[in-house]
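Peer 1: Have a look; sequence and predicted model below, questions after that.
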Amino acid sequence: MKEQLPKQVYTNEYRAQAVLMVTRDGLSIAEAARRLSMSLKTLANWVERARDGQLPAAMAVSVSAWSPKHKPRSHDYAARTPNCGWSATS
């Protein structure tokens, strides 16, 4: 029988900061997860909950500065990242 790894436990503050890396700072979920050495799927779930407004109260306070209108648009990303393959004019 395979030995199971213990379940990772994250504080609400850690979760909020991870979500902000995506929602406020404009990192992709994959890049933020890589930088944090965590599961991409876990971070994707947190970001999805944040965007749906389904966060625990402690996290909602930390992430409240983010709103969909602040989400970077593709041309904003293209302007900051010239080799991304996206057109900054579209």
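Peer 2: Sure thing, it's come through. Numbering: from 1, shown residues only.
Peer 1: can you list the weak-confidence ranges in this structure?
Peer 2: In the predicted model of the chain, residues 1, 57-90 satisfy pLDDT under 70.
Peer 1: ok, 80 please
Peer 2: The model of the chain has pLDDT under 80 over residues 1-2, 4-6, 55-90.
Peer 1: so where do the helices sit in it?
Peer 2: 12-23, 29-36, 40-52, 57-63, 74-80 (DSSP state H).
Peer 1: Pull out the buried residues from the second one.
Peer 2: Residues of helix 29-36 classed as buried by neighbour count (16 or more other CB atoms under 10 Å): Ile29, Ala32, Ala33, Leu36. The way it works is simple: take the backbone N, C-alpha and C, and place the C-beta from them, glycine included.
Peer 1: who's in contact with it?
Peer 2: The list of residues contacting helix 29-36 from outside it, by CB atoms under 8 Å, 6 or more residues apart in numbering, reads Ala18, Met21, Val22, Leu27, Ser39, Leu40, Thr42, Leu43, Ala44, Val47.
Peer 1: nearest residue to the last one other than its sequence neighbours?
Peer 2: Computed as CB to CB, 6 or more residues apart in numbering, the closest residue to Val47 that is not its neighbour in sequence is Val22, at 5.1 Å.
Peer 1: Check the burial of the one you found by counting its neighbours.
Peer 2: Residue neighbour count, defined by other CB atoms under 10 Å, stands at 24 for Val22.
Peer 1: before we move on, what about Arg15?
Peer 2: When neighbours are counted by other CB under 10 Å, Arg15 registers 23.
Peer 1: so it sits right up against Arg49, yeah?
Peer 2: No - judged on CB atoms under 8 Å, Arg15 makes no contact with Arg49 at a distance of 9.2 Å.
Peer 1: Could you tell me which residues touch both of these two?
Peer 2: In terms of CB under 8 Å, 6+ apart, Arg15 and Arg49 are not both contacted by any residue.
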